[in-house]
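Novice: would you be able to build a 3D model of this:
(3 chains)
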Amino acid sequence: MCIGEVANVSAEITYTSRHSVEVQVNVMSENILTGAKKVTNKATLWYVPLSLKNVNKVLEVPPIQYARKEQEDEGKKRYEEQKLDRLETKQRNGDVILPVINPDRQTKEPHTVGYSQSSLIHLVGPSDCTLLGFVHGGVTMKLMDEVAGIVAARHCKTNIVTASVDAINFHEKIKKGCVITVSGRMTFTSNKSMEIEVFVDADPFVDEPRERYRAVSAFFTYVSLSKEGKPLPVPQLLTETEDEKRRFEEGKGRYLQTKAKRQAQMQQAAQQ
Amino acid sequence: MCIGEVANVSAEITYTSRHSVEVQVNVMSENILTGAKKVTNKATLWYVPLSLKNVNKVLEVPPIQYARKEQEDEGKKRYEEQKLDRLETKQRNGDVILPVINPDRQTKEPHTVGYSQSSLIHLVGPSDCTLLGFVHGGVTMKLMDEVAGIVAARHCKTNIVTASVDAINFHEKIKKGCVITVSGRMTFTSNKSMEIEVFVDADPFVDEPRERYRAVSAFFTYVSLSKEGKPLPVPQLLTETEDEKRRFEEGKGRYLQTKAKRQAQMQQAAQQ
Amino acid sequence: MCIGEVANVSAEITYTSRHSVEVQVNVMSENILTGAKKVTNKATLWYVPLSLKNVNKVLEVPPIQYARKEQEDEGKKRYEEQKLDRLETKQRNGDVILPVINPDRQTKEPHTVGYSQSSLIHLVGPSDCTLLGFVHGGVTMKLMDEVAGIVAARHCKTNIVTASVDAINFHEKIKKGCVITVSGRMTFTSNKSMEIEVFVDADPFVDEPRERYRAVSAFFTYVSLSKEGKPLPVPQLLTETEDEKRRFEEGKGRYLQTKAKRQAQMQQAAQQ
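Specialist: Residues are numbered from 1 along each chain as shown, chains lettered A, B, ... in the order given. This is a model prediction of the structure:
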């Protein structure tokens, strides 16, 4: 999307389980001068309703009516998959990205994980929050994209853009007054893409006597672009430790799975 | 006003009635490098004071002293006119701009009302509000100008600028937590200007069991500019329904009235 | 720092007295494409801890451990100097920069104090504040730099940049709902630099029956740059009144003192 274009954002509820709502969002950009339109972003978001009186109580979702039975079945399938994914990411949550001090980072070899690893801290202020005093999902997502973008740019030293974001998992709410640490590290590179894992950890240091906890995690995929906007080959990630090698293989697994899924969709579309 | 210029904003109370205050605001832009200054905006705002304890109670305004008796008389005349205008707009308030779904809009003919009609929604957050939890007038005005600008640009597919804003009528307060819908449609075109009507409707969906209500309405006038900044002819609005034709005639009335007023002012200035 | 660069901000506690903490902050800019890094800003900030329950009560600071005895001694020396500086600025606080009305300013000669003098007002809203409802230091500093920049640009009518900021003294807290007046005037010019004094005065006009008070004050030093980014000679300040002449001499004193300090540091660095 470029400066001066109009963003047309539309959203629709596509599935409801007992305690969650699936919302599909489409962003179309419109060049006003030429009238040209194109889809620039698509996303599927899952929400859970909380009680206004007791923010720790999850409420029930009124069910929606489906136009066709298949829509409900497909929604249910997406719901089950998403549930499984969340479980998997929960297990990864013990993992920690240690903050790298700047001079330390400079001793690393280019293209290693440690070389591009980055993190930022942010004090959650009133304007980051919803009316109930919890951080807006959009604020967190913006910071995560910022860190992931810095990791990608440090790795390949070119212009980079977000190609896709894997499910962003909001494990826990973040309250006003927390200090959050957003950290990212590269986990995998294919020929033309980079996968970056991003964690958000919250430190409720003023109000509550509670330990730092993992609040959000996600994988971002970036591509490198030439000045003319063409995708460039990406320098391959140098893995050093056992953990880095394991994460690289896991990333490869996700990459191949996504690729297979996309090819299946394209075949399906071609057959219709 | 261009990037890097200094805006000199000055404001002064020019009339007080029992329950309202007239404030005249002048904006001058100053090009720092050349030192050149010019008036870029003028506006007259009417405020009503509310009690800090009971926001539904209107307080009395302490009267100001006028340097000359004529100033008070002219102020009173502006006050009466403004009151009449507000009454008129209140009557128009039953009117609704139906949201246009994107694919639907694409079936419309260029230059019809439906083709350029636009709307956006916005959740009123803490940073949009004053200390008492009501939306800042300036926040609403910015969103209205944004929608009106999109309507104008979609109609004529050129660079456009706001030429003037008719009285913006704040019919009701908007509370923190409301979802507001800002919608605009073109009502009239002259040779070189477009009139766009903008509504702001508020939905207090979380806190209160209250219906959606019309909170603000106004007419914006835009002109179309060439790349060199010269005014361009505007494609004429195609009216289809009876309502659209009626609104076009009403817009023409406002246009002619404003034109006559301006000519009278210029003659008066020439005679002095 | 330029658009697209990554700012690496690091901070560390370098001294603690009984009731205050010295924090040294370093900002390094990193050009992602070339990997080049350079220190762009350095600052020393002093904080005082306040009780969360009673914001007027100053708490005790837990002492830090120093790696070497000299670090503590040097910190103590900086602490004493800073205390002395604060005392001096307190005495200057009776001073007032009268707001200049625009047409009035135009009658002044170029390069006089009155010609470039500037001020702005700002209503302190929720998003300017910390969780306890006091203005963020950073918000105030940004407004002060804005006013100082306008003063500098009006004086020399070129591109200008902040070279350094003398201790910003936060004399008193500013509460949500205050109207603040930020005003600046040029006090001194050397061949290639301008010193601008900036005051922040707070008017707690809604909540409390309290008089306007001086909340913050500081000196900013600006340099004038050519289009190629080279420092330009600065037009000399024309002082008219006795007060202006006295302030010019005081500014010269600060300028010579800073210059001597920097030369001593460079000699020390060269000897090591």
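
Novice: helix or strand right after the least confident helix or strand in chain A by mean pLDDT?
Specialist: None of the helices or strands of chain A scores lower by mean pLDDT, DSSP states H and E than helix A:102-105, at a mean of 56. Following helix A:102-105 in sequence order, the next helix or strand is helix A:113-116 (DSSP states H and E).

Novice: residue of the stretch 151-272 of chain A closest to chain B, please.
Specialist: Residue nearest to chain B within the stretch 151-272 of chain A: A:Lys176 (9.9 Å; Cβ to the nearest Cβ). Every C-beta, even on glycine, is put in place using the N, C-alpha and C of the backbone.

Novice: buried residues in the longest strand along chain A?
Specialist: For chain A, the longest strand by residue count, based on DSSP state E, is strand A:213-225. Judged by neighbour count (16 or more other Cβ atoms under 10 Å in any protein chain shown), strand A:213-225 contains these buried residues: A:Arg214, A:Ala215, A:Val216, A:Ser217, A:Ala218, A:Phe219, A:Phe220, A:Thr221, A:Tyr222, A:Val223, A:Ser224.

Novice: now tabulate the residues you listed in a markdown table and tack on distance to chain C and pLDDT.
Specialist: Below are those laid out as a markdown table (distance: Cβ to the nearest Cβ, whole Å; pLDDT from 0 to 100):
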| residue | distance to chain C | pLDDT |
| --- | --- | --- |
| A:Arg214 | 23 | 89 |
| A:Ala215 | 18 | 91 |
| A:Val216 | 21 | 91 |
| A:Ser217 | 22 | 89 |
| A:Ala218 | 21 | 91 |
| A:Phe219 | 21 | 93 |
| A:Phe220 | 17 | 94 |
| A:Thr221 | 19 | 95 |
| A:Tyr222 | 13 | 95 |
| A:Val223 | 16 | 94 |
| A:Ser224 | 12 | 93 |
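
Novice: ok, back up a step: so what's the residue of the stretch 151-272 of chain A closest to chain B closest to, chain neighbours aside?
Specialist: Spatial nearest neighbour of A:Lys176, excluding adjacent residues (Cβ to Cβ, 6 or more residues apart in numbering or on different chains): A:Gly133 at 4.5 Å.

Novice: same question for A:Glu30.
Specialist: Counting by Cβ to Cβ, 6+ apart, A:Val6 is the residue found nearest to A:Glu30 once chain neighbours are left out, at 4.4 Å.

Novice: and the helix ranked longest in chain A, what's buried?
Specialist: Longest helix in chain A by number of residues, with DSSP state H as the criterion: helix A:242-271. Judged by neighbour count using 16+ other Cβ under 10 Å, the buried positions of helix A:242-271 are A:Glu244, A:Arg247, A:Phe248, A:Glu250, A:Gly251, A:Tyr255.

Novice: give the rounded mean pLDDT of that helix.
Specialist: Average pLDDT, helix A:242-271: 90.

Novice: list the contacts for the residue nearest to A:Glu30?
Specialist: Counting by Cβ atoms under 8 Å, 6 or more residues apart in numbering or on different chains, A:Val6 touches A:Ser29, A:Glu30, A:Ile32, B:Ile150, B:Ala153, B:Arg154.

Novice: okay, and which of the residues you listed map to strands?
Specialist: Those of those lying in strands (DSSP E): A:Ser29, A:Glu30.

Novice: which among the contacts of A:Val6 gets closest to C:Lys37?
Specialist: A:Ser29 (35.4 Å; Cβ to Cβ).

Novice: that closest one against A:Val9, yeah?
Specialist: No: A:Ser29 lies out of contact with A:Val9 (Cβ atoms under 8 Å); the separation is 10.2 Å.

Novice: more neighbours: which of those two?
Specialist: A direct count of neighbours by other Cβ atoms under 10 Å in any protein chain shown for A:Ser29 and A:Val9 places A:Ser29 higher, at 16 against 12.

Novice: in a helix, A:Lys77, correct?
Specialist: Yes: under DSSP: H, G, I helix; E, B strand; the rest coil, A:Lys77 falls within a helix.

Novice: can you put the contacts of A:Val6 in CSV and add pLDDT?
Specialist: Below are the contacts of A:Val6 laid out as CSV (pLDDT from 0 to 100):
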residue, pLDDT
A:Ser29, 90
A:Glu30, 89
A:Ile32, 83
B:Ile150, 93
B:Ala153, 92
B:Arg154, 92
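
Novice: mind giving me the PyMOL command for buried ones among the contacts of A:Val6?
Specialist: Under the burial definition 16+ other Cβ under 10 Å, those of the contacts of A:Val6 that qualify are selected in PyMOL by:
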select buried, (chain A and resi 29+30+32) or (chain B and resi 150+153+154)
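
Novice: nearest to chain C among the contacts of A:Val6?
Specialist: For the contacts of A:Val6, the nearest to chain C is A:Ser29 (22.0 Å; Cβ to the nearest Cβ).

Novice: can you count the residues close to A:Ser51?
Specialist: Counted with other Cβ under 10 Å, the neighbours of A:Ser51 add up to 10.

Novice: so who does it touch?
Specialist: Taking Cβ under 8 Å, 6+ apart, we find A:Ser51 in contact with A:Lys57, A:Val58, A:Leu59.

Novice: in terms of secondary structure, what does the longest strand of chain A contact?
Specialist: helix A:137-156, strand A:159-165, strand A:169-170, strand A:179-189, strand A:194-203, strand A:231-232 (3 or more Cβ pairs under 8 Å, 6 or more residues apart in numbering or on different chains; DSSP states H and E).

Novice: ok now that strand, how far from the chain's centre?
Specialist: 5 Å (Cα atoms, centre = their mean, to the nearest Å).

Novice: neighbouring strands for it, and are they parallel or not?
Specialist: strand A:159-165 (antiparallel), strand A:169-170 (antiparallel), strand A:194-203 (antiparallel), strand A:231-232 (antiparallel) (DSSP bridges).

Novice: now the last one: how far from the chain's centre is it?
Specialist: Taking Cα atoms, centre = their mean, the mean C-alpha location of strand A:231-232 is offset from the chain mean by 22 Å.

Novice: hmm, who's touching it?
Specialist: Taking contacts as Cβ under 8 Å, 6+ apart, the residues outside strand A:231-232 that touch it are A:Cys156, A:Thr158, A:Lys192, A:Val223, A:Ser224, A:Leu225, A:Ser226.

Novice: circling back: give me whichever of the strands paired with strand A:213-225 is most buried.
Specialist: Looking across the strands paired with strand A:213-225 with neighbours counted as mean count of other Cβ atoms under 10 Å in any protein chain shown, the highest average goes to strand A:194-203: a mean of 24.

Novice: and it, how far out from the chain middle?
Specialist: On Cα atoms, centre = their mean, the centre of strand A:194-203 falls 9 Å from the chain's centre.

Novice: relative to helix A:242-271, how tilted is it?
Specialist: 120 degrees (axes from the mean of the first three to the mean of the last three Cα atoms, to 10 degrees).

Novice: returning to what we had before: correct me, but the residue of the stretch 151-272 of chain A closest to chain B touches A:Val124?
Specialist: Yes: taking contacts as Cβ under 8 Å, A:Lys176 lies within contact range of A:Val124: 5.6 Å.

Novice: what's near enough to touch the nearest residue to A:Ala218 once chain neighbours are set aside?
Specialist: With sequence-adjacent residues excluded and distances taken as Cβ to Cβ, 6+ apart, A:Ala218 is closest to A:Ile168, at 4.0 Å. By Cβ under 8 Å, 6+ apart, A:Ile168 lies in contact with A:Gly137, A:Met141, A:Met144, A:Val216, A:Ser217, A:Ala218.
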